[in-house]
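Enquirer: Give the three-dimensional model of this entry:
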Amino acid sequence: MPTPAANPVPDGMPTVTAHMWFNGNCREALTYYAGAFGAEVGEIVPSPDGSAVWHSMLRIGDTQLMAADAPPGLPEQGPTGSTTVGFFLYVDDCDAWFDRAVDAGCTVVDPLVDQFWGDRMGKVRDPFGHVWGIATHTWDFTEEEMAAAMAGAATAYED
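Expert: As a prediction, this is how the structure comes out:
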């Protein structure tokens, strides 16, 4: 017989956890994330017939993500051309992580550049449609320095 949970949030889980949805290719995506982002894949719960992933967990750094194949009729679905959520990875060497992701099959959305807020950052889209910002925080700016850098960035968008 089950016992009452000691805490409303399971041990090791944050209050908010992103749940990635896939269009029948979750198992392939989990393998991909292990190679491209060094993800640790936890237990995979298959559908009764084994054709889909009903639930899985993966960890990248200190972050847990849920992942599953979206069954028909569910309001959440995997990306089909665009996505409503992006992931942002802070890592020790964004250049190495970015290159590894591209080598593993990600396409470049935004190349790595030094951003006005002090990060070196770029974006990639994985083969499953999810977009990942990959960054290393490299500079701490004062409010004045940030305002000047932001004004320069805004001017670049006007061209």
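Enquirer: What is the least confident helix or strand in this structure?
Expert: Ranked by mean pLDDT, DSSP states H and E, the weakest helix or strand in the chain is helix 143-158, scoring a mean of 76.
Enquirer: ok, what's across the strand from the residue nearest to the spatial centre of the chain?
Expert: Closest to where the C-alpha atoms of the chain average out (Cα atoms, centre = their mean) is Phe87, at 3.3 Å. As for beta bridges, Phe87 partners with Trp132 under DSSP bridges.
Enquirer: just Val108 next, same as before
Expert: Val124.
Enquirer: what's the distance between the residue of the chain positioned farthest from its centre and Gly86?
Expert: In the chain, Met1 marks the outermost C-alpha relative to the chain mean, sitting 37.1 Å out by Cα atoms, centre = their mean. From Met1 over to Gly86 the distance is 43 Å, taken as Cβ to Cβ, to the nearest Å. Any C-beta I mention is one placed from the backbone N, CA and C, and that applies to glycine too.
Enquirer: what does Phe22 give?
Expert: Using Cβ to Cβ, Phe22 is found at 16 Å from Gly86.
Enquirer: what's the answer for Gly12, then?
Expert: Distance, Gly12 to Gly86, by Cβ to Cβ: 24 Å.
Enquirer: Ok, Glu143 next?
Expert: Distance from Glu143 to Gly86, by Cβ to Cβ: 26 Å.
Enquirer: hey, where'd the strands end up in this structure?
Expert: 19-22, 40-46, 53-60, 63-69, 86-90, 107-114, 119-125, 131-137 (DSSP state E).
Enquirer: could you dump those strands to a markdown table with mean pLDDT and distance to Gly78?
Expert: Below are these laid out as a markdown table (pLDDT from 0 to 100; distance: least, Cβ to Cβ, whole Å):
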| stretch | mean pLDDT | distance to Gly78 |
| --- | --- | --- |
| strand 19-22 | 96 | 4 |
| strand 40-46 | 96 | 16 |
| strand 53-60 | 96 | 11 |
| strand 63-69 | 95 | 8 |
| strand 86-90 | 95 | 14 |
| strand 107-114 | 96 | 17 |
| strand 119-125 | 96 | 13 |
| strand 131-137 | 96 | 13 |
